[in-house]
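Asks: dropping a prediction and its sequence here:
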Amino acid sequence: MKKEGKYCSFDFSAKPDREKFAQNVVEYFDRKVQEVFNTLGVPLPGTKAQIKFSGTSGAMYITPNCFELNYNIQDNDLGAIIHECLHYTQQLPQTFYDKNVRVIEGVADYYRITLSDDKQGDYFNNDKRNLVEKFDTNELYNSGSEFIAYLRKKANDKDFIKQLADKINSKDQKQLDDFFKNKFGKGYDTLIIEYSKNRTQEIGKNPKDISRFDFFTNL
Ligand SMILES: [Zn+2]
């Protein structure tokens, strides 16, 4: 049992009762994969991504060409596909990924917000609508994306995240390290600790009152 799209194929035989959902996923995936790849300026994949149900949590990009969705994923929880499409553009070696996991996941979750239809990550609840109350330098997604959005403001450059994504996609550690040093005179680790300490002053008001989409898109 399969739904075929232009850029993906969804084998939903593990959950045949979710045929309508599978159709929605295929349409959403086809739209978002184009938005993500075009935003990053990379050529669209020549082969279809294979999507299937599995026991993983949320949506998870597993192999270079296979996306697995949890059996019980909610109908209105599709934004993770945007996040995983970022990884789909990257195809990173594991060692490079492990060393730079915070910045890589931050970029993926940044685009999840900015490229979502509802401007809050196409998530099943409103948890991604505003900034998180407590910033955590080790939390990869909500804090990680907020931090690089802050750096974008600090650099006063609307093209900043795209440039950062380019450095990640270069898979060259020196290029990525130099990017932060050239822009700010310091490395990522130092910058995030400083931000964590000064966050309240930097953002000016209660984070729970700040729209994440606005924070990510305004300069
Ligand atoms: Zn990820």
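Replies: Looks like it came in fine.
Asks: in three-state terms, label Asp109 for me.
Replies: Under DSSP: H, G, I helix; E, B strand; the rest coil, Asp109 falls in the helix class.
Asks: so what's it up against?
Replies: Residues in contact with Asp109 (CB atoms under 8 Å, 6 or more residues apart in numbering) are 83, 140-142, 144-145. Where C-beta positions appear, they are placed from N, C-alpha and C, glycine not excepted.
Asks: the ion versus that one, what's the distance?
Replies: According to CB to the ion, to the nearest Å, Asp109 stands 7 Å off from the ion.
Asks: the nearest residue to that residue once chain neighbours are set aside - how many residues pack around it?
Replies: Nearest residue to Asp109 in three dimensions, chain neighbours excluded: Ser145, at 3.8 Å (CB to CB, 6 or more residues apart in numbering). By the criterion of other CB atoms under 10 Å, Ser145 has 29 neighbours.
Asks: okay, and Ser145 sits in which element?
Replies: Using DSSP states H and E, the element containing Ser145 is helix 142-155.
Asks: may I see the buried residues of stretch 13-21?
Replies: 15, 18, 21 (16 or more other CB atoms under 10 Å).
Asks: need the phi and psi values for the last one.
Replies: Listed backbone geometry of Phe21 is phi -60, psi -40, with angles given as degrees, to the nearest 10.
Asks: use 49 as the first number from now on
Replies: OK, 49 is where the count begins now, so the last one is Phe69.
Asks: what residues does it make contact with?
Replies: Residues in contact with Phe69 (CB under 8 Å, 6+ apart) are 60, 123.
Asks: just the pLDDT for it.
Replies: On pLDDT, Phe69 comes in at 97.
Asks: coming back round to it: can you pull the contacts of the residue nearest to Asp157?
Replies: Contacts of Ser193 were listed using CB under 8 Å, 6+ apart, and they are 153-158, 160-161, 264.
Asks: export the residues you listed to a markdown table and tack on pLDDT?
Replies: Converted to a markdown table, those look like this (pLDDT from 0 to 100):
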| residue | pLDDT |
| --- | --- |
| Glu153 | 96 |
| Gly154 | 98 |
| Val155 | 98 |
| Ala156 | 97 |
| Asp157 | 97 |
| Tyr158 | 98 |
| Arg160 | 98 |
| Ile161 | 98 |
| Phe264 | 98 |
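Asks: and of those residues, the nearest to Gly89?
Replies: Val155 (14.2 Å; CB to CB).
Asks: mind listing what's buried along the helix or strand of the chain with the lowest mean pLDDT?
Replies: The helix or strand of the chain with the lowest confidence, counting by mean pLDDT, DSSP states H and E, is strand 107-111 at a mean of 78. Buried positions in strand 107-111, judged by neighbour count with 16+ other CB under 10 Å: 107-109.
Asks: go on, stretch 91-103?
Replies: Buried-residue list, stretch 91-103, by 16+ other CB under 10 Å: 93, 96-102.
Asks: which residues touch it?
Replies: So stretch 91-103 is contacted by 52-60, 62-63, 66, 73-74, 77, 81-82, 85, 108, 113-119, 136 (CB under 8 Å, 6+ apart).
Asks: so how far is it from its chain's centroid?
Replies: 17 Å (CA atoms, centre = their mean, to the nearest Å).
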